[in-house]
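**Student:** Please find the sequence and the predicted model below.
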Amino acid sequence: EPEVTQTPSHQVTQMGQEVILRCVPISNHLYFYWYRQILGQKVEFLVSFYNNEISEKSEIFDDQFSVERPDGSNFTLKIRSTKLEDSAMYFCASRNLRDSPEAFFGQGTRLTVV
Amino acid sequence: AQRVTQPEKLLSVFKGAPVELKCNYSYSGSPELFWYVQYSRQRLQLLLRHISRESIKGFTADLNKGETSFHLKKPFAQEEDSAMYYCALSGGGAQKLVFGQGTRLTINP
């Protein structure tokens, strides 16, 4: 069964450093998402991406964040200058709304900013 | 505004007992409601959605538009049901998911 794959599973970075979180969505999916979950809190929407552009973003998704689909298979989330409060679990998800509204999630990347 | 509320962060029941995980939502349009489950060390996965009206692993959920609720129920809990359960709402063009806080369900033997 196809899966959404995220790498790395855990990333530790120093405050102020740039990080890139990587995701490989399911190949025939058209809608891509990033969510995050700060420890002990709810899963929060960050951004959705469709047709090679951002279709919606949340208030959390400020200028420090960017997304890219550089090669038609990977979907990346970049945080330019990490802050302590960026420490969270980041989930990538993809959907093929034509066939099903179900969102398929990756296993997550745990980002720890020190 | 879209909002999902799961009032119970923790729920503990004995094996064989009925389970009900509560979910209330707020949305001005016609939402799609989902229950996602996350077993220990596994990814979030869809348990069921209101449109399909199916029963998965013995769980059912009925959308009550009058009470804006989508409670998850199972008549006889099993130990393997222990997991984190998230109620989620989808609406609008980007079809993003709005999640509740989650309920950690523990089934005691």
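**Tutor:** That came through, no problem.

**Student:** worst-scoring helix or strand of chain B, pLDDT-wise?
**Tutor:** When each helix and strand of chain B is scored by mean pLDDT, DSSP states H and E, strand B:45-49 comes last, with a mean of 91.

**Student:** In terms of secondary structure, what does it contact?
**Tutor:** strand B:32-38 (3 or more C-beta pairs under 8 Å, 6 or more residues apart in numbering or on different chains; DSSP states H and E). Every C-beta, even on glycine, is put in place using the N, C-alpha and C of the backbone.

**Student:** thinking again about what came up before, go ahead and name everything in contact with the least confident helix or strand of chain B.
**Tutor:** Contact partners of strand B:45-49, identified using C-beta atoms under 8 Å, 6 or more residues apart in numbering or on different chains, comprise A:101-103, A:105, B:32-38, B:54-57, B:59-61, B:72, B:85.

**Student:** how much does it deviate in direction from strand B:32-38?
**Tutor:** If you take axes from the mean of the first three to the mean of the last three C-alpha atoms, to 10 degrees, strand B:45-49 sits at 140 degrees to strand B:32-38.

**Student:** In terms of secondary structure, what does the helix or strand following strand B:45-49 contact?
**Tutor:** Per DSSP states H and E, the first helix or strand lying C-terminal to strand B:45-49 is strand B:60-61. For strand B:60-61, the packing partners by 3+ C-beta pairs under 8 Å, 6+ apart come out as strand B:72-74.

**Student:** switch the cut-off to 6 Å
**Tutor:** In this structure, strand B:60-61 makes packing contacts with no helix or strand, judged by 3 or more C-beta pairs under 6 Å, 6 or more residues apart in numbering or on different chains; DSSP states H and E.

**Student:** Parallel or antiparallel, which strands does it pair with?
**Tutor:** Here strand B:60-61 is paired, per DSSP bridges, with strand B:72-74 (antiparallel).

**Student:** From the chain's centre, how far out is the partner strand? Work that out for me.
**Tutor:** 8 Å (C-alpha atoms, centre = their mean, to the nearest Å).

**Student:** Pull the residues that contact that strand.
**Tutor:** Here strand B:72-74 makes contact (C-beta atoms under 6 Å, 6 or more residues apart in numbering or on different chains) with B:19-21, B:35, B:58-61.
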